[in-house]
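Colleague: What follows is a predicted structure for the sequence shown.
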Amino acid sequence: MMRLLICAALLVASCAAAPALAASCSDRIAFVHRVIDKDVKIGFVDKKVHDDMGRDLDAAAKACSAGDDAKAEQLISSTQRRHGYPVR
């Protein structure tokens with residue numbers, strides 16, 4: 001529950017700085033990386049979960065850099081849902 005509250009607070013803060021609709025796929029990937037990096041550092045998630053999400057985000061980054069924003073966004077959202085993170 002605490003993880004969800006922290007994620008929600010981070011989400012609100014990031015949306016205030018850059019609305020989700022205006023964020024590029026690379027910005028969103030960087031945001032999710034920052035969240036999971038902090039979560040593993042403070043013990044909210046296991047290193048295996050962090051690594052699994054990182055691999056998914058790497059695939060999203062490849063799609064993003066290839067110009068396939070829709071695929072990148074789908075990969076980001078699916079990994080967030082699968083691991084219990086709120087999707088923006």
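Modeller: Structure's in. What do you need?

Colleague: Contact partners for the residue nearest the centre of the chain?
Modeller: Nearest to the mean C-alpha position of the chain, counting by CA atoms, centre = their mean, stands residue 32 at 2.4 Å. Residues near residue 32 by CB atoms under 8 Å, 6 or more residues apart in numbering: 53, 57, 76, 79, 80, 85. (C-beta placed from N, C-alpha, C; glycine too.)

Colleague: any idea which of these has the most stuff around it?
Modeller: Counting neighbours by other CB atoms under 10 Å, the top entry in the contacts of residue 32 is residue 76, with 26 neighbours.

Colleague: Not counting sequence-adjacent ones, nearest residue to it?
Modeller: For residue 76, ignoring the flanking residues on the chain, the nearest one in space by CB to CB, 6 or more residues apart in numbering is residue 60 at 5.0 Å.

Colleague: separation between residue 55 and residue 48?
Modeller: To residue 48, residue 55 is 11 Å away according to CB to CB, to the nearest Å.

Colleague: Surely the residue nearest to residue 76 and residue 69 touch.
Modeller: No - checked against CB atoms under 8 Å, the pair residue 60 and residue 69 is beyond contact range at 9.9 Å.

Colleague: so where's this protein shaky on pLDDT?
Modeller: Using pLDDT under 70 as the threshold, the predicted model of the chain has low-confidence ranges 1-22.

Colleague: For it, which segments are assigned as strands?
Modeller: In the chain, no strands are defined using DSSP state E.

Colleague: ranges for the helices of it?
Modeller: Counting by DSSP state H, one finds helices in the chain at the ranges 2-17, 25-42, 47-65, 69-82.

Colleague: Can you dump the C-alpha atoms of the third one in CSV for me?
Modeller: So the one you mean is helix 47-65. This file holds the C-alpha atoms of helix 47-65, laid out as CSV (Å, rounded to 0.1, in the frame of the first residue of the first chain):
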residue,chain,number,x,y,z
LYS,A,47,16.0,-7.0,-7.5
LYS,A,48,14.5,-9.7,-9.8
VAL,A,49,11.3,-7.5,-10.3
HIS,A,50,13.5,-4.5,-11.0
ASP,A,51,15.6,-6.5,-13.6
ASP,A,52,12.4,-7.9,-15.3
MET,A,53,11.0,-4.4,-15.6
GLY,A,54,14.3,-3.1,-16.8
ARG,A,55,14.4,-5.6,-19.6
ASP,A,56,10.8,-4.6,-20.6
LEU,A,57,11.8,-0.9,-20.5
ASP,A,58,14.8,-1.6,-22.7
ALA,A,59,12.5,-3.2,-25.3
ALA,A,60,10.3,-0.1,-25.0
ALA,A,61,13.3,2.2,-25.5
LYS,A,62,14.3,0.3,-28.7
ALA,A,63,10.8,0.7,-30.0
CYS,A,64,10.8,4.4,-29.0
SER,A,65,14.1,5.1,-30.7
